[in-house]
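K.L.:
Sequence first, predicted coordinates after that:
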Amino acid sequence: MESTKYLLSLFLILSFTIFLSAQQPGIINTYNRPSTSLNGYWKYIVDPYENGFYNYRLEAFENQKDPGKNAFFTNSKPDNPSELIEYNFDLSDSLQVPGDWNTQEEKLFYYEGSLWYKKSFDYELEEPSNRLFVHFGASNYQSDVYLNGKKLGRHIGGFTPFSYEITKLLNARDNFLIVKVDNKRIKEGVPTLNTDWWNYGGITREVKLIETPSTFINDYFLYLNPQDPTRIQGFVQLKGKQLANQAIDVGIPALSVTLPLITNNEGYAKVDISVQQIRYWSIEDPFLHEVVISSGKDKIKEQIGFRTITTQGSKILLNGSPVFLKGISIHEEKPFKGGRGNSEEDANQLLSWAREMGCNFVRLAHYPHNEHIVRMADQMGLLVWEENPVYWTISWDNPDTYANAARQLRELISRDKNRASVIIWSMANETPASDARTEFLTNLSLLARDMDPSRLISAALEQGRYNNDPLIRTIDDPFASVVDILSFNQYIGWYDGLPDKLDQIKWRIAQEKPVLISEFGAGAKYGLHGDKLTRWTEEYQEFLYEETIKMLGTIPQLQGMSPWILVDFRSPRRVLPGIQDGWNRKGLISEEGKRKKAFYTLQKYYQSKD
Ligand code: GCB
């Protein structure tokens, strides 16, 4: 019975994945393509009552035969001095894109609602038969996109890329791209109402135009077979009118590989290359192979690292050798300046701090971070955990919520599947065990495994008491049987007693899987000193780190940790005056870049693990 149910859900997930891939609009894998940036200043209108979207009967303008001039996406102006139009983008203020609105305008700091953006541009195709796409790196949370008054689509989810084809709607001059971004938190959303981070709204990542030939290389995935590292496997997928029997060439000069392929009727070609001697991507030698994929008039150059990541009993093996994950958790906030991070400069600062601390691993919590940081981790030889924003208590029974979570996960895997640094897809964080929740997460993990056979699955779970003994801890979450890496958060010494409790705790973890402590930590205000049992002092945090490191050393399957967290980050839940002032203080570095004492405790521990 159980296995029939399992097979049925596997079947549904797989058909759903194939259906969704076929449905995905626009273009993926855009990082290395030539593009025209639409970054810079965009006009904006704050619209808390969604006055530009609904008429006074609360009917959406876009569903009316004639939306009329009051619909903001029509970008209308009065034709004569008597005409009444109560908005005007061109007379409105501007916001910088990419960027959250909260930290650009004081009046928008706490704003959660709708805001309209407008950007005008001119564009002429290089060749009339070419196609043009508009691509958004991310926009939080719900985006309704219009070009020249016509709807392109709606995207839900704040952290993954989306795009639309605009070839047919394009004018040579004065195109207007309008995006209504709404960051209202909703119960059925992913994430849901409650999070411990700032709900930064806006177009938070780059917007660009990408021109392609009429048939183009939309997707590719090249990875080393984890069971047989002498084979590079994967696929190339074309999109366009001429899909069948198309020639594709995959070249990897450093391996003297030139592989001619022919597509099937769907424009898909399978890759399976035998390689004798390959320079693995590794922490010490993060070598990226240049890969050139060409088909017809289209050509893409990529840098791809080849490595395997597997587990054996309680070990994690990178290229077949055990690796201990010396990690740190990171939120996507701009160092020093605050607000949502996005640039290469932000990525470089965050990863350099992690490196300085002796890390070989970063947990990018609690949602997909921008592509720059993942690409930089590839170059720096840092291993990466990426996470879907299934956080705390999602609406497990709602099929739309599942579809939303699945789409966001698919968009993340779609974007980053060629990044050697990414070794773990995390399904969720601290979700309360129930049948509906376990089925939800199991289905997500089936989807991830189906899309990507080359990585490990995990989720930040919670620990519990063994036999109800307050001093003996265990993991009895049923989702533990699905994951490859058994990760969990624990806050003994902070939410659960004081740090002097840590040396009394015993662990009984039955699973023969690698154990990764995805979070532990304590709040400390930089520069506040005192007794090691006085909250908020650097000494308390330092003591907690010392004691936790000792305690975790008693777990035989321990293969790594990513303490909470690299830098203090903004959270509306953290209101204690003089200490928190809107910041979660569990950072090892303050928001001004000052290292706290525990930074050095962790650094010393990681250096001793060499
Ligand atoms: C957690 C959450 C994280 C919070 C952290 C805290 O367990 O996973 O998002 O920020 O605790 O500081 O309480």
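P.N.:
That came in fine, so what should we check first?

K.L.:
any idea where the strands of the stretch 51-200 of the chain begin and end?
P.N.:
94-97, 114-121, 131-136, 142-147, 150-156, 162-165, 175-182 (DSSP state E, counting those that start in this stretch).

K.L.:
Save these as TSV, and put in mean pLDDT and distance to Ile475 too.
P.N.:
(Each C-beta comes from the backbone N, C-alpha and C, glycine too.) Listed next are the strands of the stretch 51-200 of the chain as TSV, based on pLDDT from 0 to 100; distance: least, C-beta to C-beta, whole Å:
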stretch	mean pLDDT	distance to Ile475
strand 94-97	98	43
strand 114-121	98	42
strand 131-136	98	39
strand 142-147	98	36
strand 150-156	98	32
strand 162-165	98	36
strand 175-182	98	38
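
K.L.:
quick one: which of those is nearest Phe72?
P.N.:
strand 114-121 (5.0 Å; C-beta to C-beta).

K.L.:
what packs against the closest one?
P.N.:
Using 3 or more C-beta pairs under 8 Å, 6 or more residues apart in numbering; DSSP states H and E as the contact test, the elements touching strand 114-121 are strand 40-46, strand 94-97, strand 175-182.

K.L.:
Paired strands for that strand, with orientation please.
P.N.:
Sheet pairing for strand 114-121, assigned by DSSP bridges, gives strand 40-46 (antiparallel), strand 175-182 (antiparallel).

K.L.:
deepest of the ones you listed, which one?
P.N.:
For these, the largest average neighbour count (mean count of other C-beta atoms under 10 Å) is found in strand 175-182, namely a mean of 23.

K.L.:
residues contacting the single nearest residue of the stretch 51-200 of the chain relative to the ligand?
P.N.:
Per C-beta to the nearest ligand atom, Asp196 is where the stretch 51-200 of the chain lies closest to the ligand, at 3.7 Å. Contacts here follow C-beta atoms under 8 Å, 6 or more residues apart in numbering; on that basis Asp196 touches 571, 573-574, 584.

K.L.:
show me which of these neighbour the ligand.
P.N.:
Residues of the contacts of Asp196 in contact with the ligand (C-beta under 6 Å from any ligand atom): Asn584.

K.L.:
Show the buried residues in the contacts of Asp196.
P.N.:
Restricting the contacts of Asp196 to buried positions leaves 571, 574, 584, with burial counted as 16 or more other C-beta atoms under 10 Å.

K.L.:
Make a markdown table from those and add pLDDT and distance to Pro453 to it.
P.N.:
Shown next, in a markdown table, are these (pLDDT from 0 to 100; distance: C-beta to C-beta, whole Å):
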| residue | pLDDT | distance to Pro453 |
| --- | --- | --- |
| Ser571 | 98 | 37 |
| Arg574 | 98 | 40 |
| Asn584 | 98 | 36 |
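
K.L.:
what about Lys150, how many neighbours?
P.N.:
When neighbours are defined as other C-beta atoms under 10 Å, Lys150 has 13 of them.

K.L.:
what is the rounded mean pLDDT of the helix or strand where Tyr600 lies?
P.N.:
In this structure, Tyr600 sits in helix 597-608 according to DSSP states H and E. What helix 597-608 shows for mean pLDDT is 98.

K.L.:
Need the residues that contact that helix.
P.N.:
By C-beta under 8 Å, 6+ apart, the residues outside helix 597-608 that reach it are 326, 328, 356-359, 522, 524, 538-539, 541-542, 544-546, 549, 563, 588-589.

K.L.:
just to revisit the earlier point, tell me which two in the contacts of Asp196 are the farthest apart.
P.N.:
Arg573 and Asn584 (7.7 Å).

K.L.:
In this structure Arg473 contacts Ile505, no?
P.N.:
Yes: with contact defined as C-beta atoms under 8 Å, Arg473 counts as touching Ile505 (6.1 Å).

K.L.:
what residues do these two have in common as contacts?
P.N.:
Both Arg473 and Ile505 are contacted by Ile492, under the criterion C-beta under 8 Å, 6+ apart.

K.L.:
out of the helices and strands packed on strand 114-121, nearest to Ile85?
P.N.:
Of all the helices and strands packed on strand 114-121, it is strand 40-46 that lies closest to Ile85, at 12.4 Å by C-beta to C-beta.

K.L.:
Give me the distance between the closest one and the centre of its chain.
P.N.:
Centroid separation for strand 40-46 versus its chain: 25 Å, with C-alpha atoms, centre = their mean, to the nearest Å.

K.L.:
Helices along the stretch 351-500 of the chain, start to end?
P.N.:
Here the stretch 351-500 of the chain has its helices, by DSSP state H, counting those that start in this stretch, at 371-380, 399-416, 435-451.

K.L.:
Tell me the one among the contacts of Asp196 nearest to Ser421.
P.N.:
Of the contacts of Asp196, the one sitting nearest to Ser421 (C-beta to C-beta) turns out to be Asn584, at 25.8 Å.

K.L.:
which residues does the closest one form a beta bridge with?
P.N.:
Residues in a beta bridge with Asn584, per DSSP bridges, are Phe569.

K.L.:
Contact partners for it?
P.N.:
Contacts of Asn584 (C-beta under 8 Å, 6+ apart): 196-197, 523, 565, 568-571, 573-574.

K.L.:
please redo it, this time with the cut-off set to 7 Å
P.N.:
196, 568-569, 571, 574 (C-beta atoms under 7 Å, 6 or more residues apart in numbering).

K.L.:
could you dump the contacts of Asp196 to CSV with distance to Pro128 and secondary structure?
P.N.:
As requested, the contacts of Asp196 are exported to CSV (distance: C-beta to C-beta, whole Å; DSSP: H, G, I helix; E, B strand; the rest coil):
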residue, distance to Pro128, secondary structure
Ser571, 51, coil
Arg573, 54, coil
Arg574, 56, coil
Asn584, 53, strand
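
K.L.:
quick check, nearest of the contacts of Asp196 to the ligand?
P.N.:
Nearest to the ligand among those: Asn584, at 5.1 Å, using C-beta to the nearest ligand atom.

K.L.:
closest to Asp272 among the contacts of Asn584?
P.N.:
Distance ranking of the contacts of Asn584 against Asp272, using C-beta to C-beta, places Phe569 first at 43.7 Å.

K.L.:
any chance of the strands paired with strand 114-121 in CSV, plus distance to the ligand?
P.N.:
Output for those, formatted as CSV (distance: least, C-beta to the nearest ligand atom, whole Å):
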stretch, distance to the ligand
strand 40-46, 29
strand 175-182, 23
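
K.L.:
thinking again about what came up before, confidence score at the residue of the stretch 51-200 of the chain closest to the ligand?
P.N.:
On pLDDT, Asp196 comes in at 98.

K.L.:
ditto for the one 10 residues further on
P.N.:
What the model reports for Glu206 is a pLDDT of 98.

K.L.:
try the one 3 residues further on
P.N.:
Here, the pLDDT recorded for Leu209 equals 98.

K.L.:
Which pLDDT value belongs to the residue nearest to it when sequence neighbours are not counted?
P.N.:
Of all residues not flanking Leu209 in the chain, Thr36 sits nearest, at 4.3 Å (C-beta to C-beta, 6 or more residues apart in numbering). What the model reports for Thr36 is a pLDDT of 98.

K.L.:
Appreciated, that's everything.
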